[in-house]
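Asker: Structure for this input, please:
(2 chains)
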Number of protein chains: 2
Amino acid sequence: MSETGAAVLLGTLADAGVTTCFANPGTSEMHLVAALDAEPRTHAVLTLFEGVATGAADGYARMAERPAATLLHLGPGLANGLANLHNARRAGTPVVNVVGDHARDHKPLDAPLESDVDAIAGVVSARVHRSTDVARLGEDAADAVAAAYGPPPAISTLLVPADVAWSTGGERGAPRPVAPVGRGMLDADGLESAAKALWSGEPCTLLLGGAGLRGEGLRAARRIAAATGARLLAECFPTRMERGAGRPAIDRLAYPGDAARAQLDGTRHLVLVGARSPVTFFGYPGKEGDLVPAGAAVHGVTETGAAGGLALEALADLVASGTDPGPTADLERPGVPTGELTVWTAGQAVAALLPEGAVVVDESITAGAGLARPTVGSAPHDWLTLTGGAIGWGPPAATGAAVACPDRPVWNLQADGSAMYTLQALWTQAREGLDVTTVLFDNGAYAILRAELLGVGAELAADSPARALLDLGSPRLDFVALGTGMGVPSVRAQTADELVDALRRAAAEPGPHLVVAQVPPLVP
Amino acid sequence: MSETGAAVLLGTLADAGVTTCFANPGTSEMHLVAALDAEPRTHAVLTLFEGVATGAADGYARMAERPAATLLHLGPGLANGLANLHNARRAGTPVVNVVGDHARDHKPLDAPLESDVDAIAGVVSARVHRSTDVARLGEDAADAVAAAYGPPPAISTLLVPADVAWSTGGERGAPRPVAPVGRGMLDADGLESAAKALWSGEPCTLLLGGAGLRGEGLRAARRIAAATGARLLAECFPTRMERGAGRPAIDRLAYPGDAARAQLDGTRHLVLVGARSPVTFFGYPGKEGDLVPAGAAVHGVTETGAAGGLALEALADLVASGTDPGPTADLERPGVPTGELTVWTAGQAVAALLPEGAVVVDESITAGAGLARPTVGSAPHDWLTLTGGAIGWGPPAATGAAVACPDRPVWNLQADGSAMYTLQALWTQAREGLDVTTVLFDNGAYAILRAELLGVGAELAADSPARALLDLGSPRLDFVALGTGMGVPSVRAQTADELVDALRRAAAEPGPHLVVAQVPPLVP
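Answerer: Below you'll find the predicted structure:
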């Protein structure tokens, strides 16, 4: 008897290098679940909510540099994962969504779970394909993986009717060749005008994103800066940034518009390498959303993150040939803090204790104010951020990063309000025994919204009922209980010393840990 | 100074009777939050995740018979709420979604949170409208509410750019008249052929849904049955069903296809009154999805739930004029159980102790096997079910039902796997001091999927890695810790006696309670 479509699908994915599957299956995916037993290459990771599965796929691919699959149940299951797919889309992360659907002859019956799954998929996917014939499923799966690899990497969604999965008669599709990122992804005119700008002696800022913040791209950026005096700035929310000792200290563009404008003030030439032209996150009354300084010229070498590294190397070849950028920053950790626990001392504790090779998954929002500066001299690490602004990304992304990098410690620096969107990820961390330390900044508020309320000019009295909508304090969430309930050893730190102790203990023990850092909100 | 658009919007909603708002606001909704202070009629209920807000709006409207508003943040926020909006759509529940969007001049900048919010809204909404001018916002809001009221009641989504909300110069829209459910919503031919069928003496089954399972509709159904001998059957997953002492004992169509076929076997005429023609939930290899018995005639009086009551009254006028249906069922509670705690003794405990006037929110899945039969003689109650099959509905819907009915006890009979989708609802229950008793059936598994796996013919060995994807036991979720962490008093019951004690204590104390009933899975 030949393989079921489900087995053909899993085999094709594995042949193409997609061997991790973050799964929330339902009835229409039962044959795909059953097929796992015959495909030992596939590591299926169960999550308790689809937003965990999709966020994990994002975190996984940012670190593994190849896509994971998700296994989702019909339109509602995909919808539950949509917000973190939005973040993945904004990060340029490859993901292969395998979404089960009703059997072909069942779909017209408009059963209770029927919905417009194609429309939902279209919101985030570069490619959506519905497989309608088991004889084609192998080829469809290979094409779906190819669309995820790109370049540019993207979200690819394959809709699989249940009967296509349970039928037999198909064959695996051969892996498609993966095209490398090439010169064709760069804007030749932009490259030339950027080079001229860098030679001009006028103030230039290179806005770096995507692969421009890692490895060869980062080295090329340093050469360009050394040769031309150009300033290096990272986009506000990078997909993945190499930082710490041995890497250049590059500020990120600030989130508040006024601060970002101040950073860019005086720039005459803004060169985009793997980053989009900068805009504020939101519009505010009477403020410009476009952050390009008045009168500055924009030189777009590439806005595609995946081509950021190649773009910097090409630019360095033009303007910094033979330039030695000089020594990199030394390891310069701050001492461990003592006394009161605030976002500043918490940042110092993280910077002092961050292990070498750590993957930092940063959804710290306002509580992260104290993190950037002291961690410049920390042990070398990768820093992942909330690219798309859809909160509830941190715990899932940390889960996926840890699956991708079993030999690296993952630190999830996490805001409380955002954590409550997808806290179920802790259970998957426990189930898989992942080395994730979640530092949960518990400030009892949606502190960012207090700041945004001021930003949009909407003023409230301190005892305003509306203001209560920005508070998390009544009742106060007990994150130690919540983490314990998910099976993760959890402790609370109320002083800097307690935080240091807790982080040291977490680092010394295998498996996940939750450290609840109780800090006053940055915006009172 | 005239009102902001935000104030105009809230005022228009309140004038039209929409005074409850389940909210997850972000930056683009800050003026709407600020406007709450000037609109004391509006009760804003904060949730920690949008799926809680939308599920609460569903539960609220099922009980209040008028829509609540949701306040959601951009495309990702709406996406997070989509699964429970799917359930609301399937229930025929009215909801007014107010979704903030970027300011009009910010939207073209493609900022990080930009997404195709119109497409996301379209998946679940009968009407989507984007407000583009503060001068029109009041009329837009009044139209949005009118679309939600229907009839038929539906989901209506209003997209509000931030600058439309913060601008001034608009005026409130006058409430639109709400049309009553009328004869025009019935199929005159179906009514006539149904009457003929009921007169024919051949075996007839009335499949009841929507308003056909309540009040006058239910009384008319009893008269029809008494006069014609027709059998009464409720749709598989009713929006809201009146049950218990004083109401007729009506079985629901079974979920497993074979059981449903057995129920309908022998029926020559199937009369649809507020229900759709029955189909199985999923397709299975070699099985029919259509549940209409071969050779049976289908008489569609109305498939619209809202018209189900009117349809039954019209039918009763034709076939049961002057019929007295006789006495209703007496109160006949089972005794409280003792000994081992199983889904059967748990069902008995619920039936024995369910308070008069309770609202039951049932997402018990397999653990609910023991509930239906003994609760027939319980104190009179309303029973709400998972109409759309998108799990994670129970705790949010219970929250909304309790907001709608502050004087009625709400019992959420809840499966464990589904609870983990939206457990954050417990915090809102604690924050609002809602009288919700959650009976959480903790069986440590996605037991329904074990059954479905057998149903689709996908067999697994007991030690199969794939089978592990259906288990929740490693690590075992500690729901007492999770409930406590959310601020809800939580206890575990491991025997029937402990469950009885816990339910009695919960009933005696105000505010929410979580009772974790540890039961063996129905499907081992």
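Asker: Just the buried positions in the least confident helix or strand in chain A by mean pLDDT, please.
Answerer: Ranked by mean pLDDT, DSSP states H and E, the weakest helix or strand in chain A is helix A:447-455, scoring a mean of 86. Across helix A:447-455, burial judged by 16 or more other CB atoms under 10 Å in any protein chain shown covers A:447-453, A:455. All C-beta spots, glycine's among them, are computed from the backbone N, C-alpha and C.
Asker: What helices and strands are in contact with that helix?
Answerer: helix B:30-35 (3 or more CB pairs under 8 Å, 6 or more residues apart in numbering or on different chains; DSSP states H and E).
Asker: Any residue of the helix it packs on touching chain A?
Answerer: Yes. With CB under 8 Å from any CB of the partner chain as the criterion, chain A is reached by helix B:30-35 at B:30-31, B:33-35.
Asker: quick one on the thing from earlier: what sits up against whichever helix or strand comes after the least confident helix or strand of chain A?
Answerer: For helix A:447-455, the succeeding helix or strand toward the C-terminus, using DSSP states H and E, is helix A:479-485. Helix A:479-485 is touched from outside by A:416, A:419, A:423, A:426, A:438, A:440, A:442, A:489-492, A:514, A:516, B:477-482, B:484-486, with contacts defined as CB atoms under 8 Å, 6 or more residues apart in numbering or on different chains.
Asker: So which bits of the stretch 101-250 of chain A are right by chain B?
Answerer: A:102-103, A:105-106, A:109-113, A:115-116, A:119-120, A:122-124, A:162-163, A:166, A:237.
Asker: Got the domain ranges for chain A?
Answerer: Domains of chain A are assigned by automatic domain parsing as A:5-166, A:185-319, A:343-518.
Asker: Ends of the longest one, what's the gap?
Answerer: As for domain A:343-518, its first-to-last residue distance stands at 9 Å under the measure CA to CA, to the nearest Å.
Asker: for the domains of chain A, which one ends up most surrounded?
Answerer: domain A:5-166 (a mean of 25; mean count of other CB atoms under 10 Å in any protein chain shown).
Asker: Centre of the chain to that domain, how far?
Answerer: Chain-centre distance of domain A:5-166: 19 Å, with CA atoms, centre = their mean, to the nearest Å.
Asker: pLDDT of that domain, averaged?
Answerer: Averaging the model's pLDDT scores along domain A:5-166 yields 97.
Asker: and the residue in the stretch 301-450 of chain A that chain B sits nearest to, what does it touch?
Answerer: Residue nearest to chain B within the stretch 301-450 of chain A: residue A:390 (3.6 Å; CB to the nearest CB). Contact analysis of residue A:390 by CB under 8 Å, 6+ apart lists A:83-84, A:86-87, B:76, B:113.
Asker: Between those residues, which sits nearest residue A:47?
Answerer: residue A:84 (10.8 Å; CB to CB).
Asker: ok, that closest one to chain B distance?
Answerer: Separation of residue A:84 from chain B (CB to the nearest CB, to the nearest Å): 9 Å.
Asker: Mind listing residues that contact the helix or strand containing that residue?
Answerer: Residue A:84 belongs to helix A:82-91 when elements are defined using DSSP H and E. The contact list for helix A:82-91, computed with CB under 8 Å, 6+ apart, reads A:51, A:54-55, A:57-58, A:61-62, A:95, A:97, A:120, A:123-125, A:154-155, A:237, A:239, A:305, A:386-390, A:392-393, A:396-397, A:421-422, B:75-77, B:79-80, B:82, B:112-113, B:115, B:120.
Asker: mind running it again at 6 Å?
Answerer: The contact list for helix A:82-91, computed with CB atoms under 6 Å, 6 or more residues apart in numbering or on different chains, reads A:51, A:54-55, A:58, A:95, A:124, A:155, A:239, A:387-388, A:390, A:393, B:76, B:79-80, B:112, B:115.
Asker: if you look at those, which of them are in helices?
Answerer: Mapping the contacts of helix A:82-91 onto helices (DSSP state H) picks out A:51, A:54-55, A:58, B:76, B:79-80.
Asker: right, and the pair among these with maximum separation?
Answerer: Maximum pairwise distance among the ones in helices among the contacts of helix A:82-91 (CB to CB): 15.7 Å, between A:58 and B:80.
Asker: Which secondary structure state is assigned to the closest residue to residue A:106 other than its chain neighbours?
Answerer: Setting aside the residues directly before and after it, residue A:106 is nearest to residue B:283 in space (CB to CB, 6 or more residues apart in numbering or on different chains), at 3.1 Å. Reduced to three states with DSSP: H, G, I helix; E, B strand; the rest coil, the structure at residue B:283 is coil.
Asker: Residue B:283 contacts residue B:289, correct?
Answerer: Yes. Assessed by CB atoms under 6 Å, residue B:283 is found in contact with residue B:289 at 5.1 Å.
Asker: Now for the residue in the stretch 251-400 of chain A that chain B sits nearest to: which residues touch it?
Answerer: Proximity of the stretch 251-400 of chain A to chain B (CB to the nearest CB) peaks at residue A:283, 3.1 Å away. Shown in contact with residue A:283 (CB under 6 Å, 6+ apart): A:289, B:102-103, B:106.
Asker: State the distance from it to residue B:112.
Answerer: In this view, residue A:283 and residue B:112 are 13 Å apart by CB to CB, to the nearest Å.
Asker: Show me which residues of the stretch 301-450 of chain A sit near chain B.
Answerer: The stretch 301-450 of chain A comes close to chain B at residues A:388-390, A:420-421, A:424, A:430-431, as judged by CB under 6 Å from any CB of the partner chain.
Asker: and of the domains of chain A, who's closest to residue B:321?
Answerer: Nearest of the domains of chain A (CB to CB): domain A:5-166, 35.3 Å.
Asker: Now do the strands in the stretch 51-200 of chain A.
Answerer: For the stretch 51-200 of chain A, the strands defined by DSSP state E, counting those that start in this stretch occupy A:68-73, A:95-101, A:127-130, A:155-161.
Asker: what residues does the first one touch?
Answerer: By CB under 6 Å, 6+ apart, the surrounding residues in contact with strand A:68-73 are A:13, A:18, A:20-26, A:29, A:50, A:53-54, A:57, A:60, A:78, A:81, A:96-100.
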